[in-house]
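> Using only what follows, build the 3D model:
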Amino acid sequence: MRMQRRLTHLGATTIALGFLGLTTTAHGAANGDRSADVRRAIVAKKHAKNVILFIGDGMGDSEITIARNYEKGAAGRLAMDGLPLTGAYTTYAVKKGTSDVPDYVTDSAASGTGWATGHKTYNNAVSVDPVTLAPLTTILEKAQQAGFKTGNVTTAELTDATPAVLDAHVSLRGCQGPADMATCPNETKQAGGLGSIAEQTVEHGIDVLLGGGRQRFAQTVTGGPYAGKTVIEQAQALGYDVVTDQAGLDAASPGTKLLGLFSTGNMSLEWTGPGAAPYPGPDATTCTRSNPARAATEPHLADMTARAIELLSAKVKGDKAANRGFFLQVEGASIDKQDHAENPCGQIGETVELDRAIQVALDWAAKNPDTLIVVSADHGHTSQIVEAQSASDHSPGAIATLVTADGQPMVVSYASNLHGRSQSHTGTQVRIAAQGPRAANVVGVTDQTGLFHTLSLALGLE
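Numbering: from 1, shown residues only. Take a look at the predicted model:
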């Protein structure tokens, strides 16, 4: 927090959007001197009108490097690499029942609670105090109270941990729908609690909700004024248009709340390819940049991001919030899920698609320079780039060899668990990068909880 406080005075030193799209070909980069670029990026602008937060779930430095090498080559750059100010933040959780005993390897619920609320919590908890279990106010809730439009976009179920930390408060992340509350009996509607994540999500009145998880919203509410209705019916009663495909997304009207449920569970993967296996692993290959199991009607993350920005920024007559600005979180969820599954092509495809979504936001922000864009991850993960393997000297885990954009083999190893079991998160610090008002607050080594304050300061909420 010392770094956070030290940089707070930089309200007058925020990022100029003339710096958008900076790459290694930008002025000054050719000779290695980027100081002029950074000076040009810092201008006097106190607050942001809009904030777009991108989270690559499980997207540690290794996952970024693997995707970069494969898609662009070792000397290439992703869109996310062009953000001008970069730092790292620590990701640890705390032990349940304490506020300061570290749990060094976080899950997505605890880490998301960190940036969503500015407070640490225990693994599996969604925006509740680790000792009292009291709800912790989130950045999305603060933005709503101040009159901003809000959006939450993910390739996971909308009730999964990362999207849930913005709009739900529950002691265990698995309590996603009304039928999933066995481990949270005191938090059900009939027990006088806030209800499942799905119920809380639609009750928050978020303007744009896009992702998977239709199975949770199809469950029947068991208590409160909507008992006997499905959560989808509850959402419709609360004024939501509910859509299930790209055509419905395209037809959505600005000024009307939108719930997009594009798959039963998590959304489909972008790419396919061979999974990793113990030495010698599968033959060196390239990934298939399509997934035959993916319906043509299912929108991609970049499509959802573009449409969310369009709807949230639309000027609607009589709607004061439309002129106030917006807060939007976008999650590339299955980087993590495919890391768990030892699936390098699935993992890379999801990282590349998140990068496409980031480029959409950068292009929009080029014409809307009062926008803060932040890109980060919730935690590190297991995949590593390792040396060429041999019978006498190889990874004890699973490996896959991919032929990259350089035409060279890249060996990716998964070894934080036994092959065939779910690979685990790691406790490493992860990258955070930003541009726009208050972006200077991400520089250096901070903690995840500091991001909450960076976002709050940018929106003028503290």
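> From here on, just use CA atoms for contacts and neighbour counts.
Fine.
> Against the centre of the chain, work out the most remote residue.
Ser392 (40.0 Å; Cα atoms, centre = their mean).
> Please export the C-alpha coordinates of the longest helix seen in the chain as PDB.
Secondary structure assigned by DSSP state H gives helix 344-365 as the longest helix of the chain. Output in PDB follows, covering the C-alpha atoms of helix 344-365 (Å, rounded to 0.1, in the frame of the first residue of the first chain):
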ATOM      1  CA  PRO A 344      -1.900 -25.500 -24.500                       C
ATOM      2  CA  CYS A 345      -3.800 -24.700 -27.700                       C
ATOM      3  CA  GLY A 346      -7.000 -24.100 -25.700                       C
ATOM      4  CA  GLN A 347      -5.100 -21.900 -23.300                       C
ATOM      5  CA  ILE A 348      -3.400 -19.900 -26.100                       C
ATOM      6  CA  GLY A 349      -6.600 -19.500 -28.100                       C
ATOM      7  CA  GLU A 350      -8.300 -17.900 -25.100                       C
ATOM      8  CA  THR A 351      -5.400 -15.600 -24.500                       C
ATOM      9  CA  VAL A 352      -5.400 -14.500 -28.100                       C
ATOM     10  CA  GLU A 353      -9.100 -13.900 -28.000                       C
ATOM     11  CA  LEU A 354      -8.700 -11.800 -24.800                       C
ATOM     12  CA  ASP A 355      -6.100  -9.800 -26.600                       C
ATOM     13  CA  ARG A 356      -8.500  -9.200 -29.500                       C
ATOM     14  CA  ALA A 357     -11.000  -7.800 -27.000                       C
ATOM     15  CA  ILE A 358      -8.300  -5.600 -25.500                       C
ATOM     16  CA  GLN A 359      -7.600  -4.200 -29.000                       C
ATOM     17  CA  VAL A 360     -11.300  -3.400 -29.400                       C
ATOM     18  CA  ALA A 361     -11.200  -1.300 -26.200                       C
ATOM     19  CA  LEU A 362      -7.900   0.400 -27.300                       C
ATOM     20  CA  ASP A 363      -9.400   1.300 -30.700                       C
ATOM     21  CA  TRP A 364     -12.500   2.700 -28.900                       C
ATOM     22  CA  ALA A 365     -10.400   4.600 -26.300                       C
END
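> who touches stretch 390-404?
69-71, 73, 274-287, 342, 344, 389, 409-419 (Cα atoms under 8 Å, 6 or more residues apart in numbering).
> Could you look up the SS state of Leu259?
Following DSSP: H, G, I helix; E, B strand; the rest coil, Leu259 is assigned to strand.
> who are the neighbours in contact with it?
Val208, Leu209, Leu210, Ala235, Tyr240, Asp241, Val242, Val243.
> Check Met267 too.
Thr155, Ala156, Glu157, Gly211, Gly212.
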